[in-house]
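# just the structure for this:
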Amino acid sequence: MTAVTDDRPIAVASTNARSGLLFAIISAVSFGGSGALGRGLIELGWTPGSAVLYRILVAAVALTIPTIFALRGRWHLLRADLGLVIGYGLIAVAGTQLFYFNAVQTMPVAMALLVEYAAPIAVVGYLWLRHGQRPSRLTAIGAAVAIAGLALVLDLLSGAQVDLQGMTWALLAMCGAAVYFILSARETHLPPLALAGAGLWVGAATMAIACLVGVVPYATATGSVQFSIGQVPWWVVLLGLGLVTAALAYSSGIAAARALGSRVASFVALMEVLFSLAFGAILLAQKPGLVQLLGGLLILGGVVLVKLGEPVPELEPDLPEPL
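Numbers count the residues shown, from 1 in each chain. Sure, this is the predicted structure:
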């Protein structure tokens, strides 16, 4: 979910464009598998909090050396943006992931992600109510389309009973992602990879403390995780969750944003929902109905319209993903 705060001039060499597109696809595929893998651990006996803790911790360890190299000789940048790092770690890393993993306990992974992907709509509302920034006509149309799609995804029009618990967690994840987008509008000289690595350590420390004091339920289990395609050892799933859906996803997302510009990269990142849907179907046998698929398309279309209706600032802070 790459932040869309601006775009750089489209004068990128074709080689950079191709490599950037490849990195963006890798990032979307990697992030798309997080919900299905997390759901597998949860069904084995892990709590959402423990799954998030170890996902963040594995990713933080993997990015420690790259973070040190990114900050070599520039540690003052970390001190200067300490507030941003803490906010990113607490909300974009720990909070949003915890909310999303709680949501996928009772909701299909792709549906929970679609709700979270409505975050730009929440940002539009916040900027309007808090700062008086009226949305453009295109942005308003996009928001209306996305809200209509959200109603279809949740099957509200048929009178079906909504999973209130899962929906509440998904909406909280959406709010966490919205806060991330608001933070991403801040100008910073901190290298994106350093922000990702430091933020992951903040998130890991936060989750560890929350689990230790009992604020967040903690439980783990060993054995094999049962997926539709067969059984997989728990440690393989955990490594995939941390190394692939977090460390690789963050790193490739940053590379994509730098090569393509955040606006182009963000459109490619919408494929994350499609890959999440594919992983949910393959690993968990979760297949949404036709109405929900239509709603998902409306949400994605609405988000695209919202992004197209955004003003284009001159500078581009390439912040890493919130998920």
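# doesn't Q231 belong to a strand?
Yes: assessed with DSSP: H, G, I helix; E, B strand; the rest coil, Q231 lies in a strand.
# residues contacting it?
Contacts here follow CB atoms under 8 Å, 6 or more residues apart in numbering; on that basis Q231 touches S224, V225. All C-beta atoms are positioned from the backbone trio N, CA, C, and that covers glycine.
# how about it: which residues does it bridge to?
Beta-bridge partners recorded for Q231 (DSSP bridges): Q226.
# contacting residues for R134?
So R134 contacts W128 (CB under 8 Å, 6+ apart).
# and it, how far from V306?
Note on R134: its distance to V306, by CB to CB, to the nearest Å, is 14 Å.
# helix, strand or coil: sort out the residue of the chain most remote from its centre for me.
Most distant from the centre of the chain: G73, at 30.3 Å, with distances by CA atoms, centre = their mean. Secondary structure, three-state DSSP: G73 is coil.
# read off the pLDDT value for it.
Here, the pLDDT recorded for G73 equals 88.
# pass me the low-pLDDT residue ranges in this structure, would you?
1-14, 155-162, 184-186, 261-266, 310-323 (pLDDT under 70).
# which residues of it fall in strands?
224-227, 230-233 (DSSP state E).
# tell me which of those is the most buried.
Mean neighbour count, computed with mean count of other CB atoms under 10 Å, is highest for strand 224-227 among the strands of the chain, reaching a mean of 18.
# ok so, going back, quick one, which of the strands of the chain is nearest to T106?
With CB to CB as the criterion, T106 lies closest to strand 224-227 of these, at 17.8 Å.
# hmm, who's touching the closest one?
By CB under 8 Å, 6+ apart, strand 224-227 touches A36, G40, L41, E43, L44, Q231, V232, P233, W234, V237, L283, L284.
# out of those, who's the most crowded?
A36 (29 neighbours; other CB atoms under 10 Å).
# surely it meets L277?
No: A36 is not in contact with L277 according to CB atoms under 8 Å; the separation is 9.9 Å.
# now do the shared contacts for these two.
Common neighbours of A36 and L277, counting by CB under 8 Å, 6+ apart, are absent.
# only alpha carbons, please: show stretch 114-127 as CSV.
In CSV, the C-alpha atoms belonging to stretch 114-127 read as follows (Å, rounded to 0.1, in the frame of the first residue of the first chain):
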residue,chain,number,x,y,z
LEU,A,114,-10.3,-4.6,0.9
VAL,A,115,-11.8,-2.8,3.9
GLU,A,116,-8.3,-1.7,4.9
TYR,A,117,-7.7,-0.5,1.4
ALA,A,118,-10.5,2.1,1.8
ALA,A,119,-8.1,4.0,4.0
PRO,A,120,-7.6,6.8,1.4
ILE,A,121,-11.3,7.6,1.8
ALA,A,122,-10.8,8.0,5.5
VAL,A,123,-7.9,10.4,4.8
VAL,A,124,-10.1,12.5,2.5
GLY,A,125,-12.7,12.8,5.3
TYR,A,126,-10.1,13.7,7.9
LEU,A,127,-8.5,16.4,5.8
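# now that stretch: buried residues?
Judged by neighbour count using 16 or more other CB atoms under 10 Å, the buried positions of stretch 114-127 are 114-124, 126-127.
# who's in contact with it?
Stretch 114-127 is contacted by residues 1, 4, 96, 100, 103, 133, 135, 139, 142-143, 146-147, 149-150, 153-154, 167, 170-171, 173-175, 177-178, 180-182, 270, 273, 295-296, 299-300, 302-303, 306-307, 323 when judged by CB under 8 Å, 6+ apart.
# go again with 6 Å.
Here stretch 114-127 makes contact (CB atoms under 6 Å, 6 or more residues apart in numbering) with 133, 135, 139, 143, 146, 150, 153, 170, 173-174, 177-178, 181, 296, 299, 303, 306.
# chain neighbours aside, what residue packs nearest to G203?
The shortest distance from G203 to any non-neighbouring residue, by CB to CB, 6 or more residues apart in numbering, is to V93 (3.2 Å).
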